[in-house]
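Visitor: Sequence and predicted structure below; questions after.
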Amino acid sequence: MIYAFTIITIFQSIIKISRKKSSYLILLAMMLVISIGNYFNADYLVYERMYNNAEYSRLEPGFSLLMSLGKTIGLSYHQFATLIILLGFVIVLSTLKNLNITNYVLLAYLFYPFLLDVTQIRFFLSVAIFVYSSKYLINDDKISIVKYLICIFLSASIHISSLFYLIFILLKFKNYSVKKFVKLSIIFLAISFVFIVFLNNNQIPFIDNLLKVFDMEIYYVYFNTKVDFGFIIPMFYYLASIYLLKKSLSIIRKSEYYGDKEEKFGNLVLGMHIISIILFPLFLVNLQFIRFYRSLAILKYSVFAITDLSIKRKTKLRYSYNIQVIIFVVINFVMELILQDRFTRVFIPLFENNLLFR
C-alpha cells in the first residue's frame, strides 16, 4: 500500500511540475508518512538505545539537550524523533518562500537524499538550520554575517560537521578578483591535498595527533578506513552539480521572469560547490564525508526549480534542461542506494517498517 501511495504521489507531482503549478501538500504528506511512521531503520536502534539509557551526553551539546528535554517531559523515542523531523521540515519549508518551487524541490529531494536523512535525523536537523542560514549570505548588511554565524554554531551544536559551513563566509567578498582568487586557491589546495593523501596511503598526515589534541578521538573512525575507487562517486556529484548550476545561471540571466536576487542565489550555491572541492581529499579516506555534498542538495534543487520556472512551457530548452536534471537526480539515487549497498539497509526498512501501514 505504501509503495502504491508513493508512486501515485510522485506521478501527481510530476504532472503539476510540468504545468508549472504548485501542489506540494500531498507530496509533503507522503514524505511525512514515510519518515514519521517509520519505527526501524539503519540508525533507529542506535539513537533509541542512547535515548532510553541517557547515553546522549556524549553527543553534541545541542542535540544532547534536545534529547534530555524530550526524556524529561516523558516522550518516547519515537515521539521525540517525530518532533525532530517535523521541526526540520518546518525550517526547510520556511526557507522555500516561493511556493511555486516547493513541489519541484521536494520531489527531487525525495529521490536524493531524503531517504538517507530520515535515518540520520541529527544530521537532517543540522542541515535544515544551515539551509535556513544560507539567505544571510545573500544579504549585503553586516549584521547578516553575525546571523549566519549564530545559525552555523547552532547547527554545529546538533552535528559538528556543520562547522565546515563557516568557510562559505568567503563568498561574502564583493570584489570579483578576490572571489576568483579564493576559488582558484581552494581548487589548488584541494588538488595538492589529494596528492598528499594519496601518497600517504589514503591517510591524512597527523590526523591522529590532531584528534587527540582537541579531545575528539570519537571521530577517529571516520579517518581509519580506506577508499579504493569509490572517491569517483562524490567527485562526479560535484562536477556534475557545477555543470548544471552553471547552465542554470546562464538560463536565469537571460530570463524575463527573474532578476538579480535569483542570480545572486544561484551564484551563492555554485560558489558553495566550488569551495567544497576542498573536501576531495577526504573522499579518499572515507565516503562518509559525502554527507557534505548531501547538505547542499536542497539549495541546489531550489536553483533548478527557479530555472525551470524561468523557461517557457513546451520549449526544447525546458525539455532538455529538465531531462538533464532528472538523469542527474536518478544517478544520485542509484549510486547512493544501490552501488553503496544501501538498498537493503536503508530503502527497504523505511517502507517495510511503518506504523501507518501495518
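Guide: Good, I have the coordinates. None of the values given here were measured: they were computed from a predicted structure. Numbering: from 1, shown residues only.

Visitor: residue contacts, Ile121?
Guide: Listed by CB atoms under 8 Å, 6 or more residues apart in numbering, the contact set of Ile121 reads Asp43, Tyr47, Ala81, Ile84, Ile85, Gly88. For glycine as for every other residue, the C-beta is placed from the backbone atoms N, C-alpha and C.

Visitor: Neighbours of the closest residue to Arg318 other than its chain neighbours, how many?
Guide: Spatial nearest neighbour of Arg318, chain neighbours left out: Ile311 (4.2 Å); criterion: CB to CB, 6 or more residues apart in numbering. The tally of other residues near Ile311 (other CB atoms under 10 Å) stands at 21.

Visitor: Thought Leu317 was touching Ile311, still the case?
Guide: Yes - contact criterion CB atoms under 8 Å: Ile311 and Leu317 qualify, at 5.5 Å.

Visitor: still on that earlier bit, torsion angles phi and psi at the residue nearest to Arg318?
Guide: Taking degrees, to the nearest 10, you get phi -100, psi 140 for the backbone angles of Ile311.

Visitor: Give me the distance between it and Glu256.
Guide: 11 Å (CB to CB, to the nearest Å).

Visitor: dump the residue contacts of the most centrally placed residue in the chain.
Guide: Closest to where the C-alpha atoms of the chain average out (CA atoms, centre = their mean) is Ser295, at 2.1 Å. Ser295 sits next to Phe123, Val127, Phe130, Val131, Tyr165 when contact means CB under 8 Å, 6+ apart.

Visitor: May I see those residues arranged in JSON lines, with neighbour count as well?
Guide: Formatted as JSON lines, those follow (neighbours: other CB atoms under 10 Å):
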{"residue": "Phe123", "neighbour count": "22"}
{"residue": "Val127", "neighbour count": "30"}
{"residue": "Phe130", "neighbour count": "28"}
{"residue": "Val131", "neighbour count": "23"}
{"residue": "Tyr165", "neighbour count": "27"}
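
Visitor: list the contacts for Ile36?
Guide: Thr82, Ile85, Leu86.

Visitor: Assumed it was part of a helix.
Guide: Yes - using DSSP: H, G, I helix; E, B strand; the rest coil, the secondary structure at Ile36 is a helix.

Visitor: From the contacts of Ile121, keep the buried residues only.
Guide: Tyr47, Ala81, Ile84, Ile85, Gly88 (16 or more other CB atoms under 10 Å).

Visitor: what domains does the record give for this structure?
Guide: Using automatic domain parsing, the domains assigned to the chain come out as 1-119+343-358, 173-310.

Visitor: could you give the mean pLDDT of the shortest one?
Guide: I take that to be domain 1-119+343-358. Per-residue pLDDT over domain 1-119+343-358 has a mean of 88.

Visitor: Which one of the contacts of Ser295 is nearest to Thr307?
Guide: Of all those, the one with the least separation from Thr307 (CB to CB) is Val131, at 18.3 Å.

Visitor: Touching, the closest one and Thr95? I think so.
Guide: Yes - counting by CB under 8 Å, Val131 touches Thr95, with 5.3 Å between them.

Visitor: what is in contact with these two at once?
Guide: Counting by CB under 8 Å, 6+ apart, the residues touching both Val131 and Thr95 are Ile298.

Visitor: quick one, what contacts Arg342?
Guide: Counted by CB under 8 Å, 6+ apart, Arg342 has contacts Ala42, Leu116, Glu336.

Visitor: that older thread, any residues in contact with both of Ile311 and Leu317?
Guide: Ile251.

Visitor: What residue, apart from its backbone neighbours, is nearest Ile88 spatially?
Guide: Quick fix: residue 88 is Gly, not Ile. Closest to Gly88 by CB to CB, 6+ apart is Ala128, at 4.1 Å.

Visitor: so the one you found makes contact with Leu96?
Guide: No - between Ala128 and Leu96 there is no contact under CB under 8 Å: 11.4 Å.

Visitor: Which one of the two is surrounded by more residues?
Guide: With neighbours defined as other CB under 10 Å, Ala128 and Leu96 compare such that Ala128 has more, 26 against 20.

Visitor: what helix or strand is that one on?
Guide: helix 121-133 (DSSP states H and E).

Visitor: downstream neighbour of that helix in the secondary structure list?
Guide: helix 143-156.

Visitor: Now that following helix: buried residues?
Guide: Ser144, Tyr148, Cys151, Ile152, Leu154, Ser155, Ala156.

Visitor: burial measure for the residue lying closest to the third one once chain neighbours are set aside, as a count.
Guide: Read that as Cys151. In space, and not counting its chain neighbours, Cys151 is closest to Ser133: 3.3 Å by CB to CB, 6+ apart. Using other CB under 10 Å, Ser133 has 23 other residues around it.

Visitor: Please apply the same query to Leu282.
Guide: For Leu282, using other CB under 10 Å, the count is 24.

Visitor: what's the answer for Thr82, then?
Guide: When neighbours are counted by other CB under 10 Å, Thr82 registers 18.

Visitor: Could you pull up the residues touching it?
Guide: Ile36.

Visitor: Go through the helix or strand harbouring it and flag the buried ones.
Guide: For Thr82, the element it lies in under DSSP H and E is helix 77-95. Residues of helix 77-95 classed as buried: 77-78, 80-85, 87-89, 91-93, 95 (neighbour count, 16+ other CB under 10 Å).

Visitor: and the angle for it with helix 121-133?
Guide: Taking axes from the mean of the first three to the mean of the last three CA atoms, to 10 degrees, one finds helix 77-95 and helix 121-133 inclined to each other by 20 degrees.

Visitor: surely Tyr301 meets Thr102?
Guide: No - if you go by CB under 8 Å, Tyr301 and Thr102 don't touch, sitting 10.2 Å apart.

Visitor: Right, I'll call it a day here.
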